[in-house]
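>>> Quick check, what structure comes out for this input:
(chains A and B)
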Number of protein chains: 2
Amino acid sequence: MSDLPVLVIGGGPAGMEAAKGIAEIGYRCVVVEKRNILGGTPELANYAALTPNFEDAGEAMAKMAAAINGDPNVEVRLGSTVTAASGSAGNFSVTVKNSKESEQVDVGAVVIATGFQHFDPGRETQQYGYYEYDDVITLVDLEKMLKAEKVVRPSNGEPPKRLCFIQCVGSRDRQIGNEYCSKVCCGVAAKESIEVRKLLPDCKVFIFYIDMRMYGYWENEIYWPSQEKYKVNYVKGIATEIRMKGDRLLVRGEDTTMGRPMEVPMDIVVLSVGMEPSAGTREMGAIFGTKLNQYNFIETTGGALNTVGTSVDGVFACGAAVGPADLEDSISSASAAAMKAVAVVRKATMAS
Amino acid sequence: MSDLPVLVIGGGPAGMEAAKGIAEIGYRCVVVEKRNILGGTPELANYAALTPNFEDAGEAMAKMAAAINGDPNVEVRLGSTVTAASGSAGNFSVTVKNSKESEQVDVGAVVIATGFQHFDPGRETQQYGYYEYDDVITLVDLEKMLKAEKVVRPSNGEPPKRLCFIQCVGSRDRQIGNEYCSKVCCGVAAKESIEVRKLLPDCKVFIFYIDMRMYGYWENEIYWPSQEKYKVNYVKGIATEIRMKGDRLLVRGEDTTMGRPMEVPMDIVVLSVGMEPSAGTREMGAIFGTKLNQYNFIETTGGALNTVGTSVDGVFACGAAVGPADLEDSISSASAAAMKAVAVVRKATMAS
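Now for the predicted structure:
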C-alpha cells in the first residue's frame, strides 16, 4: 500500500505551512479550503501588515500560497468543504464537496487548521455602539483603512484628530462567555497605533487597556517604540460607555492608574476585538468528533507538551483552531501537526 | 548516499521533542546534551509542576526521555558538547567531545535547542538584596520548595505568613539591557501562588506586577482561579527596594492603581526572574556562525512566518534558544525545526 495523503483543512497561514512541511519531507497532502483563494484570515480581512514586523500581509500570504501551488505533493481544493468523515487513524475516508460534486477521499491523517473569526462587537457589548455610531470601528476595519493608506472618520470622511483603541472587546469577559485572553489584540493595536501615527502625525492616539500583553519581543519591538518614538498614549483604564457629544464620540470610563473617572472626546474609537472559533472550526470538530473546549475551540489533550493532539487519534489541530494564537504560534504548531500527521501515515503504511 | 542524521543540540523539552519527531518520521538524529541526564531546565531546576496544567514536571520529563531513549533512530550522547563545526546545509561535520574523547560526526542539518538560563537577580538589581537577605528568593528557589512540599522562610525555617512575588526581575528593564518581556514569569508566578495557597492556607500571597501577561488560556486557567478560588492579591505596583525591619522584610514601592507609595512587610519575597540565553545558546551561535540578536539569543530570520530559520542555511533553532518561550512555544517550534531539518537532509540525499 502506498502512503495515503494527509488531509489539511484550511488554507490560511497554518494550513499552508502544514502543507508545505508535509510536501518538503516527501509526503502528500490534500488542502481543502472553502473560499476560492488561499490566504486565510489575513487575506479575507485585508490585513495591511503583519504583527510584529510590519511585513506586507498580502505579499506574505501570496508567497506562502506560491510555495504550495504547483507542488506535486500538494493538491489544493478551493471552494471545497469537508462534509463527512469516517474511519480511523491511518485510514480516514472523508467527503469533500464543492459547488459541482461530492467526492470520497482517502487520507491517512487529518490536520485541522480552520482558524478563528473576529468577535462581533455588536453582539453583546452594545455599550460600545458598534452598529450605532459610524466612527466606532474594529481593529479589522482599521486594518482595511491602513491597507488603503486612508484613515478617515467614516461619518464625515475627515482624518481623525483623536483616535483610541479599547482593548479586550470580546475577551477576558465572563458576561459574554469568553474568559480567555485573545493574545494578539494588544500587539495588533500597538502595531496599528504606530501605523496611524506614521500616516497622521497630527492625530493623537490612545490605547485603553487592562494589561498590555506585549509578551516576548513584542515588548521591545512594538510596545516601547510605540510609546517612545510614536508617542502613543497608553491609559490603564476600562471604557464602559461610548456616546455622542456634538459630532464626536465621548468615551466614558475609569482611568485606573489615576484612580478617577474619565470622559474623553474621540473622533474614531477602535474596538480591539478578540478571537472566537470560526464556523469551520466548530464544524470540523463535530465532523471528526474531536472534543471542543468550553469556548468551542478544538481541545488539545496533551497539556503543554502536546500542542496539537486532539481527542481523536490521527486528527491534529493547529493555529487558532485550538485557541487564541499569534502568527508564530500558528506557524510553529502547523509544523508540529504536520509532523505528527506524517508519523501516523508512515506508521499505517509500515503496518500494512 | 544514505540519509545523514540531524544533529539536535540540547536534551531539554525542545530537544527531546525534536528528536522524537525526527525519529517518528523515519529519520535519524544525534542528540548531544552536556549534562549526564535528559530533561533540560525543568529537570536541572527541579521544577515541581508545569505551567499551566500542574503536570508533574519530573514525570513529564521522564516520559519525554523514555520516548527517545532506546529508539533506534535516536542516538543520545550525554555528557557531551559540540566544540566545532564545518560544512554546509546537507553536510556538516561537527566535533562532539565528552570527558574521554573527541569525535567527528557527519550530520545533514542542525537543530539548536540549547534553551535559556534564569536571570541572576544579584547581578545588577541589588536593590532587591537577593544575596543579602535569606528570605529573598527566586521563582526557581520557590519551585524547589514546592517540590519538597515545604515552603519556609530560609532565615528561620518557619512557614511564611506573608509572601509576595515581584514580577519583571531581569525583564522589561533597559538598565540591565533586557528590554524584552520574558513571557512566562507571570504564568509561573500565578501557578506558584496557587501552590503556596494550597500548601499554606494561612499565608497571604501578593503579586506585584506591571502588567499581568496571562495570555490565551492562562487567563481562565490560572489567573482567574488564583484570584477567585485561591485569593491571591494582585497589586499593580513596582517594588523599588527591599529592606529589613526587625526580622521581616519590608517591600517599598508604589501601588500604581491606588496612586500611593506602599511599604509592606513580608516573610518571603520571591523574585520573578526572567530568561536570558544559556551559555550553550551563545556558544552554539558562535560555533555555527548564526547571527545572535542584541540579547544574545539566536536570531530567527524569517519574521513571524518562519519561527526557526537562522542566518545559516541548514541550521535551525527552537525553544528558548531563540528568545523567551513557554513550554507550548518550545514544543511546537521544536517540531517545526525538526521538520525543516529533515527536509534539508532529504533534499541533500536526493541531490547526491
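>>> contacts and neighbour counts: CA atoms only from here.
Will do.
>>> So which residues of the stretch 101-250 of chain A form helices?
A:139-147, A:185-199, A:218, A:224-228 (DSSP state H, counting those that start in this stretch).
>>> So which of these is nearest chain B?
Of all the helices of the stretch 101-250 of chain A, it is helix A:218 that lies closest to chain B, at 7.4 Å by CA to the nearest CA.
>>> packing partners for the closest one?
In terms of contacts (3 or more CA pairs under 8 Å, 6 or more residues apart in numbering or on different chains; DSSP states H and E), helix A:218 is packed against no helix or strand at all.
>>> can you give me the strands in the stretch 201-350 of chain A?
Assigned by DSSP state E, counting those that start in this stretch, the stretch 201-350 of chain A shows strands spanning A:204-209, A:233-245, A:248-255, A:260-266, A:268-273, A:275-277, A:315-317.
>>> which of those strands is buried the deepest?
strand A:315-317 (a mean of 30; mean count of other CA atoms under 10 Å in any protein chain shown).
>>> Could you list every helix and strand that it packs against?
Counting contacts by 3+ CA pairs under 8 Å, 6+ apart, strand A:315-317 packs against strand A:109-112, helix A:327-351.
>>> outside of that strand, which residues touch it?
Contacts with strand A:315-317, where a contact means CA atoms under 8 Å, 6 or more residues apart in numbering or on different chains, come from A:89, A:109-113, A:288, A:290, A:298, A:300, A:308-310, A:334, A:337, A:340-341.
>>> Using neighbour counts, trim the residues you listed to the buried set.
A:89, A:109-113, A:288, A:290, A:298, A:300, A:308-310, A:334, A:337, A:340-341 (16 or more other CA atoms under 10 Å in any protein chain shown).
>>> any idea how far residue A:265 is from chain B?
Distance of residue A:265 to chain B, computed by CA to the nearest CA, to the nearest Å: 23 Å.
>>> residues contacting that residue?
By CA under 8 Å, 6+ apart, the contact list for residue A:265 reads A:162, A:245, A:248-251.
>>> Repeat the analysis, applying 10 Å as the threshold.
A:162-164, A:242-252 (CA atoms under 10 Å, 6 or more residues apart in numbering or on different chains).
>>> Save the residues you listed as JSON lines, and put in distance to chain B too.
Below are the contacts of residue A:265 laid out as JSON lines (distance: CA to the nearest CA, whole Å):
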{"residue": "A:162", "distance to chain B": "25"}
{"residue": "A:163", "distance to chain B": "23"}
{"residue": "A:164", "distance to chain B": "20"}
{"residue": "A:242", "distance to chain B": "23"}
{"residue": "A:243", "distance to chain B": "26"}
{"residue": "A:244", "distance to chain B": "29"}
{"residue": "A:245", "distance to chain B": "29"}
{"residue": "A:246", "distance to chain B": "32"}
{"residue": "A:247", "distance to chain B": "33"}
{"residue": "A:248", "distance to chain B": "29"}
{"residue": "A:249", "distance to chain B": "27"}
{"residue": "A:250", "distance to chain B": "24"}
{"residue": "A:251", "distance to chain B": "20"}
{"residue": "A:252", "distance to chain B": "18"}
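>>> now, which of those sits nearest residue B:324?
Set against residue B:324, the nearest of the contacts of residue A:265 by CA to CA is residue A:164 (29.9 Å).
>>> Find me the pLDDT at the residue lying closest to the closest one once chain neighbours are set aside, would you?
Spatial nearest neighbour of residue A:164, chain neighbours left out: residue A:206 (4.5 Å); criterion: CA to CA, 6 or more residues apart in numbering or on different chains. Residue A:206 carries a pLDDT value of 97.
>>> residues contacting residue A:206?
Per CA under 10 Å, 6+ apart, neighbours of residue A:206: A:162-166, A:190, A:193, A:231-235, A:266, A:269-270.
>>> Against residue A:227, how distant is it?
Distance, residue A:206 to residue A:227, by CA to CA, to the nearest Å: 10 Å.
>>> any residues in contact with both of the two?
Common neighbours of residue A:206 and residue A:227, using CA under 10 Å, 6+ apart, are A:190, A:193, A:233-234.
>>> So, low pLDDT: which residues of chain A?
A:1-2, A:124-126 (pLDDT under 70).
>>> Next, name the residue at the spatial heart of it.
Nearest to the geometric centre of chain A sits residue A:116, at 5.2 Å (CA atoms, centre = their mean).
>>> who's it bridged to?
For residue A:116, the beta-bridge partners are residue A:277 (DSSP bridges).
>>> can you check residue A:107 too?
residue A:92.
>>> Keep only the contacts of strand A:315-317 that also lie close to chain B.
The overlap between the contacts of strand A:315-317 and the neighbours of chain B (CA under 10 Å from any CA of the partner chain) comes to A:308, A:334, A:337, A:340-341.
>>> before we move on, the earlier item: ok, the contacts of residue A:265 vs residue B:211, which is closest?
The nearest member of those to residue B:211, counting by CA to CA, is residue A:164 at 19.6 Å.
>>> List the contacts of that closest one.
Contacts of residue A:164 by CA under 10 Å, 6+ apart are A:136, A:189, A:193, A:204-208, A:232-234, A:251, A:264-271.
>>> Next, the contact list for the closest residue to residue A:240 other than its chain neighbours, please.
Take residue A:240 and drop its neighbours on the chain: the residue closest to it by CA to CA, 6+ apart is residue A:253, 4.9 Å away. The contact partners of residue A:253, taken as CA under 10 Å, 6+ apart, are A:208, A:237-242, A:260-264.
>>> and residue A:253, how far is that from chain B?
Using CA to the nearest CA, residue A:253 is found at 15 Å from chain B.
>>> from the stretch 1-150 of chain A, which residue is nearest to chain B?
Nearest residue of the stretch 1-150 of chain A to chain B (CA to the nearest CA) works out as residue A:25 at 5.0 Å.
>>> Can you give me the neighbour number for the residue lying closest to residue A:151 once chain neighbours are set aside?
Setting aside the residues directly before and after it, residue A:151 is nearest to residue A:145 in space (CA to CA, 6+ apart), at 5.3 Å. If you count neighbours by other CA atoms under 10 Å in any protein chain shown, residue A:145 ends up with 17.
>>> Is it correct that residue A:145 is in contact with residue A:46?
Yes - using CA atoms under 10 Å, residue A:145 makes contact with residue A:46 at a distance of 9.4 Å.
>>> how about the strands of the stretch 1-150 of chain A, start to end?
Residue ranges of the strands in the stretch 1-150 of chain A, as given by DSSP E, counting those that start in this stretch, are A:6-9, A:29-32, A:74-77, A:81-88, A:91-97, A:102-107, A:109-112, A:116-118, A:136-138.
>>> didn't residue A:320 look like it was pressed against residue A:282?
No - contact criterion CA under 10 Å: residue A:320 and residue A:282 do not qualify, at 11.9 Å.
>>> residue contacts, the closest residue in space to residue A:343 that isn't next to it in sequence?
Distances taken as CA to CA, 6+ apart put residue B:25 closest to residue A:343, at 5.0 Å, once the chain neighbours are dropped. Residues near residue B:25 by CA under 10 Å, 6+ apart: A:25, A:339-347, B:73, B:339, B:342.
>>> could you redo the residues you listed as TSV and give each row distance to residue B:152?
Output for the contacts of residue B:25, formatted as TSV (distance: CA to CA, whole Å):
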residue	distance to residue B:152
A:25	53
A:339	45
A:340	44
A:341	47
A:342	49
A:343	47
A:344	48
A:345	52
A:346	52
A:347	51
B:73	46
B:339	46
B:342	49
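>>> Closest to residue B:330 out of those?
residue B:339 (14.1 Å).
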